[in-house]
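A.B. asks: Mind folding the following:
(chains A and B)
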Amino acid sequence: MRAFTQHTGLVAAMDRSNVDTDQIIPKQFLKRIERTGFGAFLFFDWRFLEDGTPNPEFELNCPDLEGASILLARQNFGCGSSREHAPWALDDYGFRILIAPSFADIFYNNCFQNGLLPIVLDAEVIEDLFTRANTYPGYTLSVQLAENLILDDHGLKQSFEIDPFRKHCLLHGLDDIALTLEHAERIAAYEAARGMPALSESGESN
Amino acid sequence: MAASEDTATTRPRTLFEKIWDNHVVHHEPNRQTLLYIDLQLVHEVTSPQAFEQLRIEGRRVRRPELTVATPDHNVPTSDRSLPIADEIARTQIDTLRSNCREFGVRIYDLQDPEQGIVHIIGPELGLTQPGMTIVCGDSHTSTHGAFGALAFGIGTSEVQHVLATQTLRQFKPKTCEICVEGALARGVSAKDLVLYIIGQLTSAGGTGYILEFTGSAVRSLSMEQRMTVCNMAIEAGARGGLIAPDEITYEYLRGREFAPEDFESALERWRQLPTDEGAVYDRVERYCAGDIEPQVTWGTNPGQVLSVLDRVPDPDATEREEDRKAAAAAIEYMALKPGVPLTDIEIDRVFIGSCTNGRIEDLRAAAAVVSGYRVADRVGAMVVPGSGPVKRQAEQEGLDNIFRQSGFDWREPGCSMCLAMNPDKLEPGERCASTSNRNFEGRQGKGGRTHLVSPAMAAAAAIKGHFVDIRDWNYRDGVESASPASATDKT
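C.D. replies: Below is the predicted model of the structure:
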């Protein structure tokens, strides 16, 4: 997995709550069997008009937000379907960090699997960030994962919480399966204790 | 069980804690627990990238015998003997087929009599059993919690992780007891019960929790109704839903294809599972079944729901600014006006089916309503059975004829217009009474507007062309379906 250490980028503010994964990546694009290339379809039904041209009303189509890599969002972001295509699309579009007062459970988990950093902050802090994003043109944030810190050019110094082990995995780009297979003997012992037949070969990777 | 001895104590435990403890492979403080997975269900949409990555990394499926696949999300519900017209959908289904062949995974393919929605065929086959851990790359995996199994949806990376290791790294969720005492009124279904609870909790209110549904109202539900309830636990944001196994559960399982051979010793184990007297939940919510009326969603998330006797709410009456904005946006998308009675809302389409309400009892309830009536002129209505066995059972009972004679389309099994990945979808601006689980913008087709209701409510709306209070329905032919648990078929 790609490691995440620190990132500075343009902030796109999306003032909508309960943004579900059906909006992030609509169903018609889930038939693809690849893991890449979903960025072109991110927020498709909001982002494009019937004739395929960009919807000028949609936040991310604002010319000033071209190249945005930090998404500032509202409560329960990523709710609904478990589709990992949602973080794939956000990542492929160029987002590296998502900031919201809360995320849906499965989506939150899926972000870490793809080197995306979801940051949860108190509602008041989020409100302040929305104000800043609307006040300062080209508003950017710097996030330093090792220090749990968010900084801007206007005096903001905000800490955030993240599970230490998840942070460790992100910082080092650790692969979950490789980590789990360090416990291959424990898995085999668990299976043996339940009376399951042992695997014919050394097991998980051949 | 040896693996549980380290963690099991004599202190009273909840159903969730017992299942969790029984599946701990490894735990280190302040880290995710490595949990053993008893069953992984696989479908065509969220698995191709997982299998591909296994190939790239040179890994195999650790326990193919604990993995079962079926195509359901984008299968057409029209004639199965014809090739799938959508080339990309066909490729995805072919890919599932070849992946299953390559990795030795059992698949219930399009032509198999058991094929159906993955969350319907798991229980039907007896694969879903009390005390198990069950995962699938699909959020509605929570359905299986109705059997007292810890079941939840995962992403594709985790699908790959389970394929490769038969385990999953998990943070322990908190527990929330949802206690519903009393009896549901006549005409009020399990769907209304769970929609009501989601309305009370909000669509994010269950985030971080496993919901255990308890109380006399829940105990008296049939297995199929319990599945409807647990299916929608995810719509409150919960990790999963649980209902303790009891005689209704065991009776449902007895004799099913994959039920344990030594059923009696399985029963002994299962009877240890229910939450101990004195066990403590992290949170408790109590509801009175008698307060629950038939429900209709008015907005664009399942928490935006009211009684059929209510009116479209006024966003300006909402306290929190963020909720006010969300309600206003939802009402605009849904093309509704604040203050309009929900029974005045006219519909264009009706969808009866999905992993929420595509089982035989759901179809019986809907058929009882439409029998002797015709679908309103303005309405296009379809019934999509949840699986091959459900379809055959319905046909044996003559339900297909009742639906057809009333003007419904009778289709082949699949997820269909619940998520509209196949050709079944709403046109922009169309309004649908749907028995499915999500009313998100465009969920049933871009620009489509979805109102979630029970099967009986959807059926009645199809006849009248607008929502009605099912409690006032005049059943014309035969008797109202009582949906007794014992009537559940075991084909």
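A.B. asks: what sits against A:Thr180?
C.D. replies: Going by Cβ atoms under 8 Å, 6 or more residues apart in numbering or on different chains, A:Thr180 touches A:187, B:34, B:161, B:164-165, B:167, B:169. (C-beta placed from N, C-alpha, C; glycine too.)
A.B. asks: Considering the residues you listed, which possesses the most neighbours?
C.D. replies: B:Thr165 (28 neighbours; other Cβ atoms under 10 Å in any protein chain shown).
A.B. asks: wait, it sits on A:Ile187?
C.D. replies: Yes - counting by Cβ atoms under 8 Å, B:Thr165 does reach A:Ile187; the two are 6.4 Å apart.
A.B. asks: Between those two, which contacts overlap?
C.D. replies: A:180, B:62.
A.B. asks: now what about whichever helix or strand B:Val68 is part of, what contacts it?
C.D. replies: Per DSSP states H and E: B:Val68 is located in strand B:67-69. Residues from elsewhere that reach strand B:67-69 (Cβ under 8 Å, 6+ apart): B:39-43, B:47, B:61, B:96, B:100, B:105-108, B:122, B:125, B:127, B:163.
A.B. asks: Break chain A into its domains for me.
C.D. replies: A:6-162, A:175-206 (automatic domain parsing).
A.B. asks: Relative to B:Ala366, which of these is closest?
C.D. replies: Nearest to B:Ala366, of all these, is domain A:6-162, at 24.9 Å by Cβ to Cβ.
A.B. asks: Is B:Ser78 located within a strand, as I assumed?
C.D. replies: No - remark: B:Ser78 does not belong to a strand; assigned using DSSP: H, G, I helix; E, B strand; the rest coil, it is coil.
A.B. asks: For it, the count of nearby residues, please.
C.D. replies: 15.
A.B. asks: so what does the longest strand along chain A touch, helix or strand wise?
C.D. replies: Assignment by DSSP state E gives strand A:6-13 as the longest strand of chain A. If you count contacts as 3 or more Cβ pairs under 8 Å, 6 or more residues apart in numbering or on different chains; DSSP states H and E, strand A:6-13 packs onto strand A:70-72, helix A:123-135, strand A:140-144.
A.B. asks: for the ones you listed, which one ends up most surrounded?
C.D. replies: Mean neighbour count (mean count of other Cβ atoms under 10 Å in any protein chain shown) peaks for strand A:70-72 among the helices and strands packed on strand A:6-13, with a mean of 26.
A.B. asks: Given it, what are its sheet partners and their directions?
C.D. replies: strand A:6-13 (parallel), strand A:97-100 (parallel) (DSSP bridges).
A.B. asks: Contacts for it next, please.
C.D. replies: Counting by Cβ under 8 Å, 6+ apart, A:7, A:9-14, A:90, A:95-100, A:126, A:129-130, A:133, A:140-141, A:143 sit against strand A:70-72.
A.B. asks: same thing but 6 Å
C.D. replies: Contact with strand A:70-72 is made by A:9, A:11-13, A:95, A:97-99, A:129, A:133, A:141, as judged by Cβ atoms under 6 Å, 6 or more residues apart in numbering or on different chains.
A.B. asks: what's the following helix or strand after it?
C.D. replies: Scanning onward from strand A:70-72 (DSSP H and E), the first element met is helix A:85-93.
A.B. asks: by how many degrees do the longest strand of chain A and helix A:85-93 diverge?
C.D. replies: Orientation note: strand A:6-13 sits at an angle of 110 degrees relative to helix A:85-93 (axes from the mean of the first three to the mean of the last three Cα atoms, to 10 degrees).
A.B. asks: got the residues of chain A near chain B?
C.D. replies: A:17-18, A:20, A:22, A:27, A:30-31, A:33, A:35, A:45, A:76, A:81-82, A:84, A:104-106, A:110, A:113, A:165, A:176-177, A:180, A:183, A:186-187, A:190, A:193, A:204-205 (Cβ under 6 Å from any Cβ of the partner chain).
A.B. asks: I'd like to know which of the contacts of A:Thr180 is nearest to B:Gly448.
C.D. replies: B:His161 (34.9 Å).
A.B. asks: which residue ranges form the strands in the stretch 101-250 of chain B?
C.D. replies: Under the criterion DSSP state E, counting those that start in this stretch, the stretch 101-250 of chain B carries strands at the ranges B:106-107, B:133-136, B:150-153, B:167-170, B:174-181, B:209-214, B:240-242.
A.B. asks: on that earlier part again, weed out the non-buried ones from the residues of chain A next to chain B.
C.D. replies: A:17-18, A:20, A:22, A:27, A:30-31, A:33, A:35, A:45, A:76, A:81-82, A:84, A:104-106, A:110, A:113, A:165, A:176-177, A:180, A:183, A:186-187, A:190, A:204-205 (16 or more other Cβ atoms under 10 Å in any protein chain shown).
A.B. asks: Now do the same for the spatially closest residue to B:Leu15 that is not a sequence neighbour: its pLDDT.
C.D. replies: Nearest non-adjacent residue to B:Leu15, counting by Cβ to Cβ, 6 or more residues apart in numbering or on different chains: B:Thr275, 4.7 Å away. On pLDDT, B:Thr275 comes in at 98.
A.B. asks: go on, B:Leu82?
C.D. replies: 85.
A.B. asks: now B:Glu224
C.D. replies: 98.
A.B. asks: Equivalent analysis for B:Glu322, please.
C.D. replies: 87.
A.B. asks: Tell me where the model's unsure across the chain.
C.D. replies: I'll assume chain A. Within chain A, the segments meeting pLDDT under 70 span A:201-206.
A.B. asks: oops, chain B please
C.D. replies: B:1-9, B:478-491.
A.B. asks: returning to that earlier point: pull out the buried residues from the contacts of strand B:67-69.
C.D. replies: B:39-43, B:47, B:61, B:96, B:100, B:105, B:107-108, B:122, B:125, B:127, B:163.
A.B. asks: any idea which of the residues you listed is the one closest to B:Ala317?
C.D. replies: Closest to B:Ala317, out of all of the buried ones among the contacts of strand B:67-69 and judged by Cβ to Cβ, is B:His43, at 41.9 Å.
A.B. asks: In contact with the closest one, which residues are there?
C.D. replies: B:72-73, B:118 are the contacts of B:His43 under Cβ under 6 Å, 6+ apart.
A.B. asks: make it 7 Å
C.D. replies: B:69-73, B:118, B:138 (Cβ atoms under 7 Å, 6 or more residues apart in numbering or on different chains).
A.B. asks: What about residue 99, how many residues nearby?
C.D. replies: If you meant another chain, say so; for now it's chain A. With other Cβ under 10 Å as criterion, A:Ile99 counts 25.
A.B. asks: look at chain B instead
C.D. replies: Neighbours of B:Asn99 (other Cβ under 10 Å): 24.
A.B. asks: Let me see the backbone angles for it.
C.D. replies: With angles defined as degrees, to the nearest 10, B:Asn99 sits at phi -60, psi -40.
A.B. asks: Between its first and last residues, how far does stretch B:443-456 reach?
C.D. replies: One end of stretch B:443-456 sits 22 Å from the other (Cα to Cα, to the nearest Å).
A.B. asks: Buried ones in it, by neighbour count?
C.D. replies: In stretch B:443-456, counting by 16+ other Cβ under 10 Å, buried: B:443-446, B:448-456.
A.B. asks: Equivalent analysis for stretch A:62-76, please.
C.D. replies: Neighbour-count burial for stretch A:62-76 [16+ other Cβ under 10 Å]: A:65, A:68-76.
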